[in-house]
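Trainee: here are the coordinates; sequence isn't available:
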């Protein structure tokens with residue numbers, strides 16, 4: 001079996017490549033990189049004869065069509081703007097794959113993928129990804145689920161990579177189309193501006209208590225389709241406090257708008273100008289604590305009683321996991337696990353499926369635990385005393 005890791009030496013996907021090297025039985029693991037030098041440096045570090053490096057241009061669709069059929073699984077670690085085209089090419093040529101986030105049009109490819117008997121799973125990271133699997137675990141235990149509230153604390157620097165900087169700006173952009181459908185409740189999606197829906201949530205000890213806010217996220221889109229009885233699905237999240245303060249100030253100052261501004265004779269959207277400035281500031285690539293916190297609360301019913309299932313992650317500190325890797329492993333490792341489950345036929349269907357429909361919970365969490373990512377489960381009956 002052969003795995004192709006797109007962007008496999010990038011900030012996130014290098015942890016996927018490392019995990020595939022350390023834990024998988026793929027006969028060949030190919031890093032497909034525009035930055036060949038970074039790919040070769042990673043391959044040298046791994047010192048694994050199965051790991052190879054090739055040049056890859058994500059803007060070359062015809063090149064994808066020629067390359068993908070040579071592999072059993074395409075592991076997409078590229079920025080989310082490439083999600084749809086990679087998914088489409090995989091479906092067109094009939095090759096299994098998965099990625100880190102999801103774009104609604106991807107699921108329109110479901111029937112075609114299903115006819116070909118193949119699978120593509122969008123959104124197999126931390127959130128979405130591990131959070132979806134927490135919901136699946138609860139759904140396996142309960143007779144029905146009523147509501148899902150997902151909370152994340154992404155403790156990383158503001159700009160560890162261009163793609164992640166763009167993600168942060170997207171989450172604070174008040175003009176974004178995704179802000180029109182942020183959370184699902186009572187049969188429809190509801191809008192919510194940035195920094196709304198504040199709630200204090202306690203994450204694992206590396207992060208502690210943090211204020212989280214509504215964020216347009218993939219889980220709120222896929223879960224109501226996966227569980228039609230679901231009445232509510234919402235995601236709230238945060239970054240480190242200093243990042244939240246900075247992004248809040250930029251938003252309130254009107255600097256995250258797409259309104260054009262003229263800088264030294266060149267016209268560009270204000271948010272793009274801000275992005276360019278932030279990317280070049282060294283302080284935006286620094287962070288005192290690298291970690292990822294996840295909490296998922298699922299309310300439902302079992303044997304006629306209301307039950308609340310709560311899931312919390314825990315992972316080794318940055319001192320053990322190597323600084324920024326304490327964040328990126330939480331994203332990259334699930335992508336590797338998903339690729340291995342696909343390769344071994346441990347999936348639940350065919351087509352373009354979200355994680356909660358694609359993977360069984362038990363082996364997914366068992367593999368996370370092997371790497372030191374522990375998911376704690378608490379099940380409590382909920383009632384009132386007259």
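Mentor: In hand now; what should we look at? Being a predicted model, the structure only gives us computed values, none of them experimental.
Trainee: element containing residue 213, please.
Mentor: Assigning secondary structure by DSSP states H and E places residue 213 in strand 209-214.
Trainee: who's in contact with that strand?
Mentor: Taking contacts as C-beta atoms under 8 Å, 6 or more residues apart in numbering, the residues outside strand 209-214 that touch it are 151-153, 182-183, 192, 194-203, 234-238, 241, 244, 293. C-betas here are computed from N, CA, C, even on glycine.
Trainee: among those, which are in strands?
Mentor: Judged by DSSP state E, strands contain the following of these: 151-153, 183, 199-202, 234-238, 293.
Trainee: Which members of those residues are classed as buried?
Mentor: The neighbour-count test (16 or more other C-beta atoms under 10 Å) applied to the ones in strands among the contacts of strand 209-214 identifies 151-153, 183, 201, 234-238, 293 as buried.
Trainee: For those residues, work out which two are farthest apart.
Mentor: Distances among those were taken as C-beta to C-beta; the most separated pair is 183 and 293, at 19.7 Å.
Trainee: Looking at residue 386 now. What's its pLDDT?
Mentor: Listed pLDDT for residue 386 reads 53.
Trainee: Where do the strands of the stretch 101-250 of the chain begin and end?
Mentor: Counting by DSSP state E, counting those that start in this stretch, the segments of the stretch 101-250 of the chain that form strands are 119-121, 144-155, 183-185, 188-190, 199-202, 209-214, 232-238.
Trainee: Okay, now the sheet partners of the longest one, with direction.
Mentor: This means strand 144-155. Each strand that pairs with strand 144-155, with its direction, by DSSP bridges: strand 232-238 (parallel), strand 291-302 (antiparallel).
Trainee: Next SSE downstream of the longest one?
Mentor: In this case it means strand 291-302. Sequence-wise, the next helix or strand downstream of strand 291-302 (DSSP H and E) is strand 305-314.
Trainee: which residues make contact with that next one from outside it?
Mentor: Judged by C-beta under 8 Å, 6+ apart, the contacts made with strand 305-314 from elsewhere in the structure are 130, 134, 137-138, 141-142, 203-204, 292-301, 330, 373-383.
Trainee: swap in stretch 356-374?
Mentor: Contacts made with stretch 356-374 from outside it, assessed by C-beta under 8 Å, 6+ apart, are listed as 19, 23, 119, 121, 130, 132-133, 135-137, 139-140, 222-223, 226, 313-316, 321, 329-330, 333-334, 337-338, 340-341, 346-349, 375.
Trainee: what about 7 Å?
Mentor: The contact list for stretch 356-374 (C-beta atoms under 7 Å, 6 or more residues apart in numbering) reads 119, 121, 132-133, 135-137, 140, 223, 226, 313-316, 330, 333, 337-338, 341, 346-349, 375.
Trainee: Need the buried ones from those selected in ChimeraX.
Mentor: The following ChimeraX line selects those of the contacts of stretch 356-374 that are buried, judged by 16+ other C-beta under 10 Å:
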select :119,121,132,133,135,136,137,223,226,313,315,316,330,333,337,338,341,347,375
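Trainee: Tell me which entries of the contacts of stretch 356-374 lie within helices.
Mentor: When DSSP state H is applied, the contacts of stretch 356-374 are split such that 132-133, 135-137, 140, 223, 226, 330, 333, 337-338, 341 fall in helices.
Trainee: Buried only: go through the contacts of strand 305-314 for me.
Mentor: For the contacts of strand 305-314, a neighbour count by 16+ other C-beta under 10 Å gives the buried set as 130, 134, 137-138, 141-142, 203-204, 292-300, 330, 373, 375.
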